[in-house]
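The following comprises the amino acid sequence and a computationally predicted model.
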Amino acid sequence: MRSKARNNPGMLLRAWLLLHAQSFIYSLGQYYRNLLTSILTTAVIGISLALPGGFYLLLENAHQITAGWDDSVQITAFLKSDVDDAIATELVGRLLEYKNIEEAKLINRDQVLAEYRELSGFSEVIDILDENPLPSIIIIKPKLMTLPDGVDRLIIEFISSQPEVEIAQYDQQWVKRLYGIIDIIQRCIILFSVLISFGVLLIVGNTIRMAIYNHRDEIEITKLFGATDYFIQRPFLYTGFWYGLSGGMASWALLTITLQFLKQPVDRLAKLYASEFSISALSGTETMIMLLCGVFLGVFGSWISVQRHLKTIELN
Amino acid sequence: MIRFNNVHMQYRGGYLALKNINLHIEQGAMAFIAGRSGAGKSSMLRLIALMERHSRGQIIINGQNLERVRDSRIPYYRRNIGFVFQDHRLLRDRTVFDNVALPLVIAGHRHTEIRKRVSAALDKVGLLKKESLNPITLSAGEQQRVGIARAVVHRPLLLLADEPTGNLDPALSLDTMKLFEQFNQVGVTVLIASHDMEMIKKMHKRIITLREGRIPTHFGNTSANEKSD
């Protein structure tokens, strides 16, 4: 009977599927039977995953807010005071030929003065001066929305190298700096997520270790009656699966509740800034990824634990 | 069925548990291993079950040289053996039925097959009506019978029992031994380790006496002279 079963792939597959189905259901039952431990483990995994998940959302939303700011990145080139309009116009033409420059607009010294007079409120002071002290300027917009590393510096260098240009600088250097900071935070979050993942692995591993020792008698008996290591480890791996899945769902719930909690004040604030901004929640794909991460960590954590601890069980 | 040729067995700590054991038990036989605690009875059973490896000599079980059974094949090798323990070692978190079904579940049998065979095994030990109970609610004798049902449900070629009557009174012990005899009569080779000489003698079966890890030659293989403590 047994050898027949072993030679028939159909029966073998069915037996295999049956064993998996049994472990699948059995481990779910185990989750329920040890409800307190299970809920605690789920909660720990849930909170652990919610932390990097929350930071990720924060960044995503920050990206959304700052998305429009790229447009306003522009360079101001201050021309030397002896450059007249004709040479300046010629310079504008030269700049426009450069491949990374989208737009270049000349504002001559008289316009600059007029603007300054209007905005500063120092019109009387300016009237006292016999000569316009302000230089002509050229406003330059780089072509790329987000410049790859180095290109922004190349543009500045190119502009500065023009003989008519006194100095060129980014108007909104702070936007670039903000992006720089966001970049650093992003990397911190990645590191943080990796650490948290290790933590989750340890937590799941430890819970599974306890489960293994609680089932010591059962493991010994099943080993004696010819259970393979696969047979013995299967329910523990499925238990890890359930922990991971429930942990993933818990973190999703935590994030959703948090977002709901923040939505109203954020919307109100956005309205005050006349912004269309609204907090974005986890998308379907992101939710999926989160659940998969949970499942992966659950199964992997229990796998490590099973490899380490099943071997230490000696038969008496 | 069971053949030991010059078998030595040393535990990892260096303790020499069995020294130069020579033994042959035919297929379908029933035999007792007698001797005091520490004489090497359990060690012999552990070798046969491949819970330990012998350090010298040769063991052949059912035509298989145990040295050639790789670790990864041990589970399949063990599926031809049934085990009965002194403390019966039933699992307390499941019913009598589920306990008995364990070897069949391990071997991947289908549910209908399991149902049929477990019922048959429980019927043989007279506990069919108690299949849905938890083993804790049964008496010591009944628990041991459940243990025996579990040991034979997968129709092993060889039944190993380590002090199966150690926790039972003389009357129950004899009943249990009779049960082993019944399984032996249908062809299962039975090997029982016990120090209860009184009872062993009543069974009129072959007795292998161990003393300090040896089978003393002056007792012969069927010696029953060893006094129990």
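Nice, thanks for sending it over.

Nearest spatial neighbour of A:Ile212, chain-adjacent residues omitted?
The shortest distance from A:Ile212 to any non-neighbouring residue, by CB to CB, 6 or more residues apart in numbering or on different chains, is to A:His309 (4.8 Å). The way it works is simple: take the backbone N, C-alpha and C, and place the C-beta from them, glycine included.

residue contacts, that neighbour?
By CB atoms under 8 Å, 6 or more residues apart in numbering or on different chains, A:His309 lies in contact with A:Ile208, A:Arg209, A:Ile212, A:Tyr213.

ok, now which ones touch the third one?
Listed by CB under 8 Å, 6+ apart, the contact partners of A:Ile212 are A:Ile219, A:Phe236, A:Ser305, A:Val306, A:His309, A:Leu310, A:Ile313.

now those: which count as buried?
Buried subset of these (neighbour count, 16 or more other CB atoms under 10 Å in any protein chain shown): A:Ile219, A:Phe236, A:Ser305, A:Val306, A:His309.

So what sits opposite B:Val7 in the bridge?
B:Ile21 (DSSP bridges).

Quickly note the distance from it to B:Arg78.
Distance, B:Val7 to B:Arg78, using CB to CB, to the nearest Å: 19 Å.

What is the three-state secondary structure of the residue of the stretch 201-316 of chain A found nearest chain B?
The stretch 201-316 of chain A approaches chain B most closely through A:Gly226 (3.6 Å), counting by CB to the nearest CB. Three-state assignment for A:Gly226 (DSSP: H, G, I helix; E, B strand; the rest coil): coil.

Phi and psi next, for it.
phi 90, psi 20 (degrees, to the nearest 10).

okay, now it: neighbour count?
Neighbourhood size, A:Gly226 [other CB atoms under 10 Å in any protein chain shown]: 20.

which residues sit in contact with B:Arg78?
Contacts of B:Arg78 (CB under 8 Å, 6+ apart): A:Lys223, A:Leu224, A:Phe225, A:Gly226, B:Ala49, B:Leu50.

nope, B:Val69 is what I meant
By CB under 8 Å, 6+ apart, B:Val69 lies in contact with B:Leu50, B:Tyr77.

what's the distance between it and chain A?
To chain A, B:Val69 is 12 Å away according to CB to the nearest CB, to the nearest Å.

Report pLDDT for that residue.
Note for B:Val69: predicted pLDDT of 93.

Could you do A:Leu144 as well?
Looking at A:Leu144, its pLDDT is 60.

Show me what the top helix by length along chain B is packed against.
Ordering each helix of chain B by length in residues (DSSP state H) puts helix B:170-185 first. Using 3 or more CB pairs under 8 Å, 6 or more residues apart in numbering or on different chains; DSSP states H and E, the elements in contact with helix B:170-185 are strand B:30-34, helix B:140-152, strand B:158-162, strand B:189-193, helix B:197-203.

and the second one, what's its mean pLDDT?
It stands for helix B:140-152. Averaging pLDDT along helix B:140-152 yields 94.

who's in contact with that helix?
Residues from elsewhere that reach helix B:140-152 (CB under 8 Å, 6+ apart): A:225, B:82-85, B:88-90, B:96, B:99-100, B:102-103, B:118, B:121-122, B:124-127, B:130, B:135, B:138, B:159, B:161, B:164-165, B:167-168, B:172, B:175-176, B:179-180, B:183, B:188.

next SSE after the helix with the most length in chain A?
Taking DSSP H as the criterion, chain A has its longest helix at helix A:229-272. Using DSSP states H and E, the helix or strand that follows helix A:229-272 in sequence is helix A:284-309.

That next one: which residues count as buried?
Neighbour counts over helix A:284-309 (16+ other CB under 10 Å) mark A:286-287, A:290-291, A:293-306, A:309 as buried.

got it, and stretch A:124-137?
For stretch A:124-137, by 16+ other CB under 10 Å, it's A:Asn132, A:Leu134, A:Pro135, A:Ser136, A:Ile137.
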